[in-house]
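Asks: heads up, no residue letters with this:
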């Protein structure tokens, strides 16, 4: 790729970033540049306020095009942020993008050191990067043939949106849903905020489009039971069988499915594509990419939490929404389960924003310390709607904080205020206390120290208490274990980077869509699904996938086939032993599958013959870096 790829004489260009003061406030970048210029082989050493900006990239490209440099070192923030940015700039200048090394002098220096020590450490790290860059060799991306087929796991709105977008881009799709219905948790809602659209209309429209698209095959009552392969060439085992009911909600859903026709929409369940299988069916198929849209489940309060389970007058917000859909239009009195609701209360942040030492961990010993984001808007929507439809019902709202984020959602809070919803604010350490009263009038009493009235304790007797429960990730432990999926501290699947690679997993070829990644509203889940589908379609469109070449490589002359590398490799199938082509003695040699290898380097450490190394991170390059640091 261009004349600058030659290795006859290394000409290293070093480009040091101020990072808008993030680095230069603590590191004397000009002094670093001055010292680096003295290293043999360094032909250019520049500083710039923002190396990642267009002027910064153009500076690098100018030096390459003029023949001044044929190796590039950038000293700036973490490589995870802009490594691809600089490689792209180098490639556009007709130089091999892998003749590039990165020195992290922000996170590893300016954010943790100050003064002369910071400048000295930055100089050492840049000098080490220069030493490594001199030993870099031109590399080419690994090309892997890819199936023009994607699998979407999860048939909620995110899964259906992703499947539909992939199909419209010419990719064949298999959509897998574990229940008999399409629609997920959205199908259990009524009106969506802030648009006012009905969930039924959205689910029905998406499901019908999916079912009518010839590029999409839908499998309900199905689960993935086997997984192997790599990006472009995954192999999945699919089991389709009559689902088992583990709780009352699942039993109710199965009963509904047995009574409805294909193509029918069932309130609070979803769209029914077809029959429930009576006998188990297994299928093995190949796919190029996988989109995970496994969704969420509402937090289930523990027994006695705000009176839940102990009183029929305490329910969760999802339960209240489903019960409310049965109320006929025109009714003057809010009535649930045969009881008139004259006064009711909503309690926010149940199962969200939990604090160690204040809240009790769940059965797994975990706390949901995150905000579930959608609960406030959903609660206020419900409260305002009740006041509008049933003005004789008093509504109280007990909250820690109200977060109606997003366009148009603050209007919901103002609407509830105009409808005379009474707001009471509590601190996490003093949550509302719910008591069950043995009386026919109001069966429940709720007490709280209201910070809006400077800590005064207020008591109210009510007919109903609704708990605004948060989101928890669906239970997909089998997929996590099978596919080795990264899981964050919050239990949701963990993307590579929230800004630069927001829907990608570290497992190349597996993407995220919707609330399996984090709490989202319906609009955000669909946007994430579209991002995942665009990424997958781009990946598969050419019929092959390009991967970074930083993988293990075996020196066939040195390898004696000990198998030590294969035995320690954490990726099944990444290293295998095969008979040498030119050897009749039965001697074996290690072979690396570059599509599976992650370049971790464990194999390098155990090879008794030093016959295996990592492209772009060889032992020789490490030694040069260490020598440069020691010599400083």
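Replies: Now that the structure is in, tell me what you want to look at. Remember, it's a predicted structure, so these values are computed and weren't measured experimentally. Numbers count the residues shown, from 1 in each chain.

Asks: Would you mark the buried spots in the lowest-mean-pLDDT helix or strand in the chain?
Replies: The weakest-scoring helix or strand in the chain, judged by mean pLDDT, DSSP states H and E, is helix 248-259 (a mean of 83). Going by neighbour count (16 or more other C-beta atoms under 10 Å), the buried part of helix 248-259 is 253-254, 256-257. For the C-beta atoms, the positions are set from N, CA and C on the backbone; glycine is no exception.

Asks: Next, give me the two most distant ones among the residues you listed.
Replies: The most widely separated members of those, counting by C-beta to C-beta, are 254 and 256 (7.3 Å).

Asks: returning to what we had before: next SSE downstream of the least confident helix or strand of the chain?
Replies: Once the chain leaves helix 248-259, the next helix or strand it forms, by DSSP states H and E, is strand 264-266.

Asks: just the buried residues of helix 248-259 now: which is nearest residue 552?
Replies: residue 253 (48.4 Å).

Asks: Residue 184 versus the spatially closest residue to the closest one that is not a sequence neighbour, what's the distance?
Replies: In this structure, residue 253 finds its nearest non-sequential neighbour in residue 269, 5.4 Å apart by C-beta to C-beta, 6 or more residues apart in numbering. According to C-beta to C-beta, to the nearest Å, residue 269 stands 10 Å off from residue 184.

Asks: The two: who's more crowded?
Replies: Legend: neighbour count by other C-beta atoms under 10 Å for residue 269 and residue 184, higher for residue 184 (27 against 24).

Asks: can you give me phi and psi for the more buried one?
Replies: Main-chain dihedrals, residue 184, degrees, to the nearest 10: phi 60, psi -150.

Asks: circling back: distance between the least confident helix or strand of the chain and the chain's centre?
Replies: Averaged C-alpha coordinates place helix 248-259 at 31 Å from its chain's average position (C-alpha atoms, centre = their mean, to the nearest Å).

Asks: Ok, stretch 22-30 next?
Replies: That offset, for stretch 22-30, works out to 34 Å (C-alpha atoms, centre = their mean).

Asks: Stretch 192-205 now?
Replies: Using C-alpha atoms, centre = their mean, the offset of stretch 192-205 from its chain centre is 25 Å.

Asks: Which residues belonging to it are considered buried?
Replies: 192-194, 199-200, 202-204.

Asks: now stretch 437-449
Replies: 443-446, 448-449.

Asks: Kindly report the same for stretch 322-330.
Replies: Across stretch 322-330, burial judged by 16+ other C-beta under 10 Å covers residue 322.

Asks: Out of the buried residues of stretch 192-205, list just those in helices.
Replies: Where these overlap with helices, as defined by DSSP state H, the overlap consists of 199-200, 202-204.

Asks: what helices or strands is the helix or strand containing residue 47 leaning on?
Replies: For residue 47, the host element (DSSP H and E) is strand 42-48. Packed against strand 42-48 by the contact rule (3 or more C-beta pairs under 8 Å, 6 or more residues apart in numbering; DSSP states H and E) you find strand 12-17, helix 29-36, helix 54-65.

Asks: tell me the most buried of those?
Replies: Mean neighbours per residue, mean count of other C-beta atoms under 10 Å, is largest over the helices and strands packed on strand 42-48 for strand 12-17, with a mean of 26.

Asks: now the angle from that one to helix 29-36?
Replies: Counting by axes from the mean of the first three to the mean of the last three C-alpha atoms, to 10 degrees, strand 12-17 points 170 degrees away from the direction of helix 29-36.

Asks: Parallel or antiparallel, which strands does strand 12-17 pair with?
Replies: Strand pairing for strand 12-17, using DSSP bridges, gives strand 42-48 (parallel), strand 71-76 (parallel).

Asks: Between helix 54-65 and the last one, find me the angle.
Replies: Spelled out, that is strand 71-76. Here strand 71-76 runs at an angle of 160 degrees relative to helix 54-65 (the same axes, to 10 degrees).

Asks: same deal with the first one?
Replies: Using the same axes, to 10 degrees, the direction of strand 42-48 lies 170 degrees away from that of helix 54-65.

Asks: which residues of the stretch 101-250 of the chain fall in strands?
Replies: 142-145, 149-153, 172-176, 216-219, 222-230, 233-240 (DSSP state E, counting those that start in this stretch).
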